[in-house]
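In: Got a predicted structure here, sequence first:
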Amino acid sequence: MKVRVEMLEVTSLVIPEGRLDFAAAVHFEQRLAEALDVAGASGAAVIVDCAWLEYVSSAGLRTFLVTARAAERAGVMFALAALTPAVREVFELSGFNRMIPLHEDRSSALELAGTRAGRKARLVVANETAQLPVLTRFLQEFWSAAALPAEPAQAFELALEETFVNIVLHGAPAGSARVEVSLHLSGGELALTVEDDGPAFDPLSVPPPDVTARLEDRPVGGQGIHLVRQVMEEVSYRRLGRRNQLRMSKRVDR
Amino acid sequence: MFQIHLGADGEVVMTGRLDATQCEAALEFLNARAAPRVIDLAALEYIASGGLRVLLLTQKRARADGRNLLLVNVRPPIHDILRYTGFDRIFDLTRAAS
């Protein structure tokens, strides 16, 4: 049996190929233990992608159980993904599926690992102003879960508010559409993505306000997206099918 | 949590977070009386464009009365927002001692 180990951002991905029988079990258990050591030191997860695992003997099953227990002690997420029907049946017959989390595919396991590590979060709300405090709380909770420095928090609160209020005021009729907010922390950069299913609108196409205008010449609106551009490092708009997507990002590790 | 009230010398005091959900209440309070001479922002933690609009409308009202609104004790994060929008040029302001 061959075993590959890939290091992703918050996950050690272990990929066994072939037959996990008695002869292969000792070596495999060792690889899992190494992956667990690495993950434990960095708060990451260990996920075994079983898509190429053809067979698991009882000795093979035991290696998963030993690792699951060690992971629990170390506070590391441990899960299996993409089991073939034959291998899944072995887990179900032995009852091991109740002791070790099994995911349908690799991506759902990785997604969960990201959420657990405080690197990703997602929230869907209706497009009405009353939801703003919910969004602010969502952002603040992410901030403490990810232990981010306090200083850049305000920029994200502002960007989220301005984007959301724009969607409520200028998008679909209030309460009739959904707004999806997601946060993704990667390599010291935090990305805030806001998607809505209202009519196509690129807020970046609006010309910036004249910040030197005299009071008499000042319109009372139109500052929102300008502020977002000021407080974020990168802002980009995409139309994705029937949705608007605005992505805003900034480094948060200073 | 946002609060707005009158201070001992008749100045308007704003505290907390002036986000989009609080602007209507703030405007209602301000419009119920003559435009103030002074707004104390020492305890204002957060402002967004909706809050800037409240300040702008109040300044326009003050100017109509031949006066100029003074923002006092403006903290650095709030001052940044005023600066980004050029509002630091249309208000007289004093910054909070840091």
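Out: Nice, thanks for sending it over.

In: switch to C-alpha atoms for all contacts and neighbour counts from now on
Out: Will do.

In: residues in chain B within reach of chain A, list them.
Out: For chain B, the residues in contact with chain A (Cα under 8 Å from any Cα of the partner chain) are B:19-21, B:46-49, B:53, B:56-57, B:60, B:81, B:84-87, B:89-90.

In: And the residues you listed, which of them are buried?
Out: In terms of neighbour count (16 or more other Cα atoms under 10 Å in any protein chain shown), the buried residues within these are B:19-21, B:46-49, B:53, B:56-57, B:60, B:81, B:84-87, B:90.

In: Against which helices or strands is the helix ranked longest in chain B packed?
Out: Using DSSP state H to define each element, chain B has its longest helix at helix B:49-64. Applying 3 or more Cα pairs under 8 Å, 6 or more residues apart in numbering or on different chains; DSSP states H and E, one finds that helix B:49-64 contacts helix B:23-31.

In: Tell me the helix or strand right after the helix it packs on.
Out: Using DSSP states H and E, the helix or strand that follows helix B:23-31 in sequence is strand B:38-47.

In: residues from chain A in reach of chain B?
Out: With Cα under 8 Å from any Cα as the criterion, chain A comes near chain B at residues A:129-130, A:132, A:154, A:158, A:161-162, A:165, A:211-212, A:214-216, A:220-221, A:223-224, A:226-227, A:230.

In: give me the low-pLDDT residue ranges for chain A?
Out: Across chain A, residues meeting the criterion (pLDDT under 70) sit at A:9, A:41-43, A:220, A:254.

In: All the helices of it, in order from the start?
Out: Using DSSP H, the helices assigned to chain A run over residues A:22-42, A:58-74, A:85-94, A:106-116, A:132-145, A:153-170, A:224-231.

In: Present those as CSV; the columns should include distance to A:Cys50.
Out: Output for the helices of chain A, formatted as CSV (distance: least, Cα to Cα, whole Å):
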stretch, distance to A:Cys50
helix A:22-42, 13
helix A:58-74, 12
helix A:85-94, 8
helix A:106-116, 9
helix A:132-145, 30
helix A:153-170, 39
helix A:224-231, 44
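
In: Next, format those helices as JSON lines and append distance to A:Ser182 and mean neighbour count.
Out: What follows is the helices of chain A, written out as JSON lines (distance: least, Cα to Cα, whole Å; neighbours: other Cα atoms under 10 Å in any protein chain shown):
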{"stretch": "helix A:22-42", "distance to A:Ser182": "23", "mean neighbour count": "17"}
{"stretch": "helix A:58-74", "distance to A:Ser182": "28", "mean neighbour count": "17"}
{"stretch": "helix A:85-94", "distance to A:Ser182": "32", "mean neighbour count": "14"}
{"stretch": "helix A:106-116", "distance to A:Ser182": "11", "mean neighbour count": "18"}
{"stretch": "helix A:132-145", "distance to A:Ser182": "9", "mean neighbour count": "16"}
{"stretch": "helix A:153-170", "distance to A:Ser182": "10", "mean neighbour count": "20"}
{"stretch": "helix A:224-231", "distance to A:Ser182": "16", "mean neighbour count": "21"}
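
In: Go through those and name the closest to A:His184.
Out: Evaluated over the helices of chain A, closeness to A:His184 peaks at helix A:106-116, with 8.7 Å, by Cα to Cα.

In: which helices and strands does that closest one pack with?
Out: Under the contact definition 3+ Cα pairs under 8 Å, 6+ apart, helix A:106-116 sits against strand A:45-49, strand A:77-81, strand A:120-126.

In: any idea how far the longest helix of chain B is from the chain center?
Out: On the basis of Cα atoms, centre = their mean, to the nearest Å, helix B:49-64 is displaced by 8 Å from the centre of the chain it belongs to.

In: All set, thanks.
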